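S.K.: just the structure for this:
(2 chains)
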Amino acid sequence: MPSITETLTEITRFVIAPRTLDDPRSAGFLHDAHALGLTAVERICCADLYFIQGRLTPTEVRVLADRLLHDPITHNVTQNLSAAGKMSAADCVSGDAYVIEVALRPGVTDPVAEQIVRAAHMLGIKGVQAAGTGLRFEVHGAGLSEADCHLLAARLLSNPVIQRYTLGEIEPSFPLPTQACDAVDTLPIRSLDDAGLMTLSQERRAALDLNEMRAIQTYYRSEGRDPTDVEIEMIAQTWSEHCVHKTFKARISVERRGQPGSEIIPNLFRATIRAATETIDAPWVLSAFVDNAGLIEYDGVNAISFKVETHNHPSAIEPFGGANTGVGGVIRDVLGVSAKPVAATDVLCFGPQDTPFEALPAGVLHPRRILSGVVAGVQDYGNKIGLPTVSGGLWFDPGYTANPLVFCGCLGIAPKDAHPRQPQPGDRIIVLGGRTGRDGLRGATFSSMTMDAQTGEVSGASVQIGAPVVEKGLIDVVLLARDAHLYHAITDCGAGGLSSAVGEMTSTLGGWVQLECVPLKYPGLAPWEIWLSEAQERMVLAVPPASLPALQTLCERYAVELTDIGQFEASGRIVVRYGQKAVLDLSNDFLHNGLPQRNLAALILPPRCPAGQTTPLLTRERDYAAALLALLAHPNIASKERIIRIYDHEVQGGTLIKPLAGLAADAPADAVVLRPPGSAGTQALALSAGMNPEYGKLDPRQMALNVIDEAVRNAVAAGADPERIALLDNFCWGDPLRRETLGELVEAAYGCYDGAVYFGAPFISGKDSFNNEYLGSDGQRHAIPPTLLISGLGLLENAHAAVSMDLKAAGNALYLVGAFAPTFGGSHYALTCLPADQPPAEGVPALDPITRAVYRALHAAMRDGLAAACHDLSEGGLAVAAAEMCIGGRLGLDLALEDAEPLRTLFGETTGCLLVEVPPQHAADFEAMLSGLPCRSLGAVTAVPRLTARRAGQILLDLPVDALRNAFQRPL
Amino acid sequence: MPPKALILFAPGTNRDLDAARALEQAGAVPEVVPLNRLRRGERRWQDYQMLVLPGGFSYADALGAGKLLALELQHDFAGPMAEFVASGKPVIGICNGFQALVKSGLLPDPTQASAEAQATLTFNACGHFECRWVTLLPVSQTCIWTRGLSEPIDCPVAHGEGNFQARDPHWIDALVASGQAALLYAAPDDRPAHGVYPYNPNGSTADIAGLCNPAGNVLGLMPHPEDHIFAEQHPLWTRGLARGSGLALFRNGVAYAGQF
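M.R.: Okay, the predicted model is just below:
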């Protein structure tokens, strides 16, 4: 790679500092410094840095400062010609403070810098050639040392993957213009032996195994030539786990411990996920597993699309950019089915926030930084693009410390049959949107490999940073182009970039591309880099030549860049040229069907205790109130309000049941209910989620049933029809080459089949992410806990039938509905109780066969308006669910529990159960509708805001709602 | 004839359709118009009776919310914007649109647009973007958008830079006295929030949520009344406590536009 940095002489440096000392941003950094253990820091003053390259007159410098770079009411500005690099070590102390400055590494996308250049030219200051941004910190503290400042900079103020820091003034760097580059290497593959093939795979970070490399070798031997680097890179991307899901499609030999012999699963995906959807055969599923997102029938006029993706490895090394582009990517998936994005979801898994630094493996960011970066990344993209981020979840486990999980979802709406899928010969290959840089090179293969301490360094130059406003322009243009029928096919540029998008679109016909036509962020990219770059915010369209002028007009209106890079033709091949030079020429048959099936082995270990199995508890005195407060404060259960509120969940005006429920909007909703703009009928949608890695650790198969039940149950609680729920599966697993890890996957996949078929809830889309591994304190590699996210998409025939979870009125009755069979296997009580109170080993909850009938009957009652509130029992059991309903309504509950084991009743976890508040005048009707099904009255809503539970005249617990709320709102 | 509303669209605008829906419900005919269409003369300012600068993140809020859109309005559209305002036609800037109106000098007083800025919208006092429902008190009879309204309006805020601050605190008293402080953040008792978080969600001086020009036809506000035009959008609708629709504000503006 050519060097792209050079120091230039004429650089003006501007420092923009807040006038007040109580600047909230500075206060935020101070708070974070203390949270990370850097308590010697007493005060931080944070200022913005701007570097302008180009010869400027003093007047121009003043105009830039006053009109562009600072707000004179709140900020002060100082500027000087940059003297960076000339400071001595002593200069890093300014007054009584240390100075730390941070700037982006060259080549990292800097959207603000681009805007500065554009605006300066608008102001008539044409001498501005380039701009850069940075941050300056003045750090105060009596006992601070230079070493402390390095620690602060490394742990909090900068991320070496995208930024540099110095003590004292930092030297800006700008990309140096370089020549276009057409360098293409030929890789002699035909002569290699097996060892040579594997070396080649590793050198190109291709993540291909020997069988796959041999298949490539065979192809080139038959072609009578050696491949180019462009070809090898494209094959590696096209054949990556990320793109073709080879584990789910592998031939798997399964052995069960303790049982003789083995069985063969020819294709796990077909046998489980797809089989469930085919068995259910729901007429309202319009598209499953075919498109970038699944589609279902909505209101007779529109279809709803839904997709959930993961962006785990990028988020581990650069949390903001990783999550940011994760959101951007899944939005493009929905735009890729010609739908208007209407909501975003995010489910996040992190290491414990109080993990000591000393316990972190080398090269791993602290979980606190990963969380704040990821959340900021989701916020930035969702808010700026104008999508309500409505539903989500947070899960903490030491297994996620080095390998966080970031699930990003997007929901879309489009008229049925609005999505064209057939490119025609002669159609132009059109790229819309952002320019191409080195961003995210080899992302698909990167995500298909195990992380190690060097991952950040090796992949650092290619970290992706999003530009949501550019993608907003894509949405605006694509939807107008769709309505005007200007394209025949569309797909997004995701992992693998153009190679993947164009490769997919030309897979039926064929086509050619002129690579030098692709607009670049900076020159100097080799052809393979252009072809593989995962630069964000790009879509590829098949556009008939006659429609091109109309599309061009739309693009000009919305300031979106359009580039014509090639043409579809019925050749059965994909050909890529750079100028006159053919750099890639592959047959579609080989590229898309040539991947040999993987042969994998799985070992299934039986769970220690079968699901549903319990052991009698010791009878003794227990502090039930303390146990409840500890559960409410557990990070997996406690309020997520601090995060939810920094996401805009109201934009587009369709959020009817909001993520925060109740009188003071501080209780957790089971599911959000949306009626997106453009809805044509009375219908609304419920978005829910189910996930429980604690169950996954014990019993992956039953975990899958449990989380499907949870997703269905949450949607039902908000008013969705249990017979109209579509599911999405997202598996995050370890290395499938480890037999036990693959065994857990096989079990979970069969659990998915069982659960989906049982509920009649088909999968419409899904995604898997493997090689999520971490280095344990024992020095061994470990898979993360088996993590299956099930996202539910439910339908309400009438939006007005939506029900919220907050208690509504004193005097109403509270019912426990469903087959109540609490266990402590994988329970949160076991995570929060004192060691002496540890419950015996038990199975995870088992799904009772009556559950579907319960949901049906409950839904009928809710549709008739009999339920005032409804909330499901999940982590923490009945007591936590009751407490959350009290918090929502600022009302009390007086519950009579007659079961033999109160501890189990209060805190054991069960499938299939909900608490339902019913006004007294509806009680008889409600009971009649649930007759023959498990349903019992537990007590009544009280005006006195206290949660009271009694048994046989004895008070088990009695807590004021304020105490519940305080525990629940304990900050993360 | 129902008045035509021009909804300005810049790269990053994203609550344009929310505003369009509210205006439609209030009886206007809205059209979302990218700035480039005005720049090229494909659309003409004088064909519209109302002007809306909707919410969003124009130019990604680079260099400060609304800043680059303000610069573009000053640089490319100063004439038509000034003319529209001077004609007395109703103009509303919501969230990002309010930020652009303030930063381009059209609020609080367009006749002082070229003088040194007196006020700004800066970072929320809580230090971050926040989305929550607030209650607004319409308190101005000067402002044609709030004139005659007595009921509080409930609607969401969703911003990171909505903290209204002035260079000179006494100048705020004058704003209030002249009726330019049009909408105030209120506490649950429907009285001014007196700076108490989260009722005043961003730390704005004097609880100012919305502000008009001396003539009263230009209103800027941070909250989003366009996202409360149906009862089911209200967070308490399942408790039967929905109230304070934002539609009242838009009906006022549309009725006033009818005369042009």
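S.K.: for burial, what's the neighbour tally of residue 22?
M.R.: No chain was given, so I picked chain A. Residues lying near A:Asp22 (other CB atoms under 10 Å in any protein chain shown) number 8. C-beta coordinates here come from the backbone N, C-alpha and C atoms, glycine included.
S.K.: that's the other chain; I wanted chain B
M.R.: By other CB under 10 Å, 31 other residues sit near B:Ala22.
S.K.: roughly how far is stretch A:854-873 from the heart of the chain?
M.R.: 31 Å (CA atoms, centre = their mean, to the nearest Å).
S.K.: right, I mislabeled it, should have said stretch A:764-783
M.R.: On CA atoms, centre = their mean, the centre of stretch A:764-783 falls 16 Å from that of its chain.
S.K.: list the buried residues in that stretch.
M.R.: Neighbour-count burial for stretch A:764-783, counted by 16 or more other CB atoms under 10 Å in any protein chain shown, picks out A:764-775, A:781-783.
S.K.: try stretch B:132-143
M.R.: Those would be B:132-140, B:142-143, for stretch B:132-143 by 16+ other CB under 10 Å.
S.K.: how about stretch B:230-242?
M.R.: For stretch B:230-242, using 16+ other CB under 10 Å, the buried residues are B:230, B:232-239, B:242.
S.K.: again, but for stretch A:341-355
M.R.: Within stretch A:341-355, the residues scored as buried using 16+ other CB under 10 Å are A:341-351, A:353, A:355.
S.K.: how about the buried residues of stretch B:132-143 in CSV, adding distance to A:Asp291?
M.R.: CSV is the format used below for these (distance: CB to CB, whole Å):
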residue, distance to A:Asp291
B:Arg132, 36
B:Trp133, 36
B:Val134, 40
B:Thr135, 44
B:Leu136, 43
B:Leu137, 49
B:Pro138, 48
B:Val139, 52
B:Ser140, 52
B:Thr142, 54
B:Cys143, 49
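S.K.: so which of those residues is the closest to B:Ala70?
M.R.: B:Cys143 (21.2 Å; CB to CB).
S.K.: check contacts around that closest one.
M.R.: Listed by CB atoms under 8 Å, 6 or more residues apart in numbering or on different chains, the contact set of B:Cys143 reads B:179-180, B:182, B:210, B:212, B:216, B:219.
S.K.: so which of the residues you listed wins on neighbours?
M.R.: Most crowded among those, counting by other CB under 10 Å, is B:Gly210 at 33 neighbours.
S.K.: quick one: that one and B:Tyr185 touch, right?
M.R.: No: using CB atoms under 8 Å, B:Gly210 is not in contact with B:Tyr185; the gap is 9.6 Å.
S.K.: please enumerate the helices of the stretch 801-950 of chain A.
M.R.: Applying DSSP state H, counting those that start in this stretch to the stretch 801-950 of chain A gives helices spanning A:828-832, A:851-863, A:877-889, A:902-907, A:923-929.
S.K.: how about the stretch 1-150 of chain B?
M.R.: B:16-25, B:35-39, B:67-76, B:78-86, B:96-103.
S.K.: narrow the buried residues of stretch A:341-355 to those in strands?
M.R.: If you go by DSSP state E, the buried residues of stretch A:341-355 have A:341-350 in strands.
S.K.: now do the shared contacts for B:Gly210 and B:Tyr185.
M.R.: Common contacts of B:Gly210 and B:Tyr185 (CB under 8 Å, 6+ apart): B:Leu136.
S.K.: spell out which residues of the stretch 51-200 of chain B are next to chain A.
M.R.: Proximity of the stretch 51-200 of chain B to chain A, by CB under 8 Å from any CB of the partner chain, involves residues B:55-57, B:59-64, B:67-68, B:71-72, B:75, B:116-120, B:122-133, B:156, B:158, B:165-167.
S.K.: could you flag which of those are buried?
M.R.: Neighbour counting by 16+ other CB under 10 Å classes B:55-57, B:59-64, B:67-68, B:71-72, B:117-120, B:122-127, B:129-133, B:156, B:158, B:165-166 among these as buried.
S.K.: got TSV for the ones in strands among the buried residues of stretch A:341-355, with distance to A:His75 too?
M.R.: Output for those, formatted as TSV (distance: CB to CB, whole Å):
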residue	distance to A:His75
A:Pro341	35
A:Val342	37
A:Ala343	36
A:Ala344	32
A:Thr345	37
A:Asp346	33
A:Val347	38
A:Leu348	34
A:Cys349	39
A:Phe350	34
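S.K.: from these, which two are the most distant?
M.R.: Across those, the longest distance by CB to CB is 27.5 Å; it joins A:Val342 and A:Phe350.
S.K.: where are the low-confidence patches of chain B?
M.R.: Along chain B, no part satisfies pLDDT under 70.
S.K.: for chain A, give me its nearest residue in it.
M.R.: Taking CB to the nearest CB as the measure, the point where chain B comes nearest chain A is B:Asn14, at 2.6 Å.
S.K.: and B:Asn36, how many residues sit next to it?
M.R.: 16.
S.K.: any idea how far it is from B:Leu101?
M.R.: 20 Å (CB to CB, to the nearest Å).
S.K.: pull the CA atoms of stretch B:50-58 into CSV?
M.R.: What follows is the C-alpha trace of stretch B:50-58 in CSV, where atoms were taken according to Å, rounded to 0.1, in the frame of the first residue of the first chain:
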residue,chain,number,x,y,z
MET,B,50,-46.7,28.6,4.0
LEU,B,51,-43.1,27.7,4.6
VAL,B,52,-42.0,24.8,6.8
LEU,B,53,-38.4,24.0,7.8
PRO,B,54,-38.8,20.5,9.1
GLY,B,55,-36.8,18.4,11.6
GLY,B,56,-33.8,16.2,10.8
PHE,B,57,-30.1,16.4,10.7
SER,B,58,-29.3,18.7,7.7
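S.K.: if I pick B:Asn202, what's in contact with it?
M.R.: When contacts are counted by CB under 8 Å, 6+ apart, B:Asn202 touches B:124-126, B:130, B:157, B:159, B:162-164, B:222.
S.K.: filter those residues down to just the ones in strands.
M.R.: Short answer: the contacts of B:Asn202 in strands (DSSP E) are B:130, B:157, B:159, B:163-164.
S.K.: got a winner among those for most neighbours?
M.R.: Within the ones in strands among the contacts of B:Asn202, neighbour counts (other CB under 10 Å) peak at B:His159, which reaches 28 neighbours.
S.K.: what number of residues are in the vicinity of the closest residue to A:Leu595 other than its chain neighbours?
M.R.: The shortest distance from A:Leu595 to any non-neighbouring residue, by CB to CB, 6 or more residues apart in numbering or on different chains, is to A:Trp239 (4.8 Å). Using other CB under 10 Å, A:Trp239 is surrounded by 26 other residues.
S.K.: surely A:Trp239 and A:Met213 touch.
M.R.: No: if you go by CB under 8 Å, A:Trp239 and A:Met213 don't touch, sitting 10.2 Å apart.
S.K.: so where's the stretch 501-650 of chain A shaky on pLDDT?
M.R.: Judged by pLDDT under 70, no stretch of the stretch 501-650 of chain A qualifies at all.
S.K.: got the residues of it near chain B?
M.R.: Contacts of the stretch 501-650 of chain A with chain B, taken as CB under 8 Å from any CB, map to A:556-559, A:645-650.
S.K.: closest to A:Asp333 out of those residues?
M.R.: The nearest member of these to A:Asp333, counting by CB to CB, is A:Tyr647 at 19.5 Å.
S.K.: ok, now which ones touch the closest one?
M.R.: Counting by CB under 8 Å, 6+ apart, A:Tyr647 makes contact with A:378-379, A:382-383, A:388-389, B:131.
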